[in-house]
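Trainee: Okay, here's the prediction I keep looking at, along with the sequence it came from:
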Amino acid sequence: MDLFLAPESWPFTVAALLLVAIAVIEGLALLVGMSLSGWLDHFVPDAMHGVEGVSDSWLGWLHIGKVPILVLLVILLTAFAIIGYVVNALVYEMFGFYPPTPISVVAAFLGALPVVRLSGETIARLIPRDETTAVGFESLVGRVAVVVNGTARAGYPAEARVKNEHGQTLYVRVEPDGEGLQLGAGESVLLVKQIAGSRFLAIANPRPDIL
């Protein structure tokens, strides 16, 4: 218990508490038809989608944009906390004192990055997506998509699945074309305007029997 309460371990205790907070907030959000994951993904730069060379950047290295931000954040916090506690415990066991907080924090953070990288790579392979940048997102305007995650509100897009002209599945973010409207998971929608990148305005599919 002394390890967790030691002043040198406070960054790792904060990380552990954040994990608990994320679990509680996500649970409450799901109860009201929202998603913390969708809210976080709203802040992923639109330019990441379809930009050449992004896989070579550190964002691509961490698989940001390929795996939900919330998943990567949970992995980062978990690895950071565990590695930090282990470093502190080992140093205390060998020398009888805890290492300075900046040193253990840097060691834990650097150790957590490869964990995020490897975990993200594994999760990205498991996500059933067939994305391509061969066709620009602007060509998706006028196509029908299905909301697959979260509830879209004005300013708070939800994830939707759509097929391009070649039958390839793409994942975009949609929000309703109008204040006070909502588009729920499983709902068929028509993409009416590209806002930026993979983000679109959408309306409920007016002709579900045809489109």
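Mentor: Nice, I can see it.
Trainee: Based on its surroundings, how many neighbours for the residue nearest to residue 205 when sequence neighbours are not counted?
Mentor: Excluding its sequence neighbours, the residue lying closest to residue 205 (Cβ to Cβ, 6 or more residues apart in numbering) is residue 188, at 4.0 Å. Any C-beta I mention is one placed from the backbone N, CA and C, and that applies to glycine too. For residue 188, the neighbour count with other Cβ atoms under 10 Å is 17.
Trainee: next one: the one 10 residues further on
Mentor: The burial metric for residue 198, expressed as a neighbour count using other Cβ under 10 Å, is 24.
Trainee: My read is that it contacts residue 162, right?
Mentor: No. Using Cβ atoms under 8 Å, residue 198 is not in contact with residue 162, being 9.9 Å away.
Trainee: Can you check which residues contact both of those two?
Mentor: By Cβ atoms under 8 Å, 6 or more residues apart in numbering, residue 198 and residue 162 have these common neighbours: 170-172.
Trainee: Tabulate those residues (CSV), appending distance to residue 113 and secondary structure.
Mentor: CSV is the format used below for the shared contacts of residue 198 and residue 162 (distance: Cβ to Cβ, whole Å; DSSP: H, G, I helix; E, B strand; the rest coil):
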residue, distance to residue 113, secondary structure
170, 29, strand
171, 25, strand
172, 29, strand
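Trainee: mind giving me the domain ranges of the protein?
Mentor: Following automatic domain parsing, the chain resolves into domains at 2-126, 137-204.
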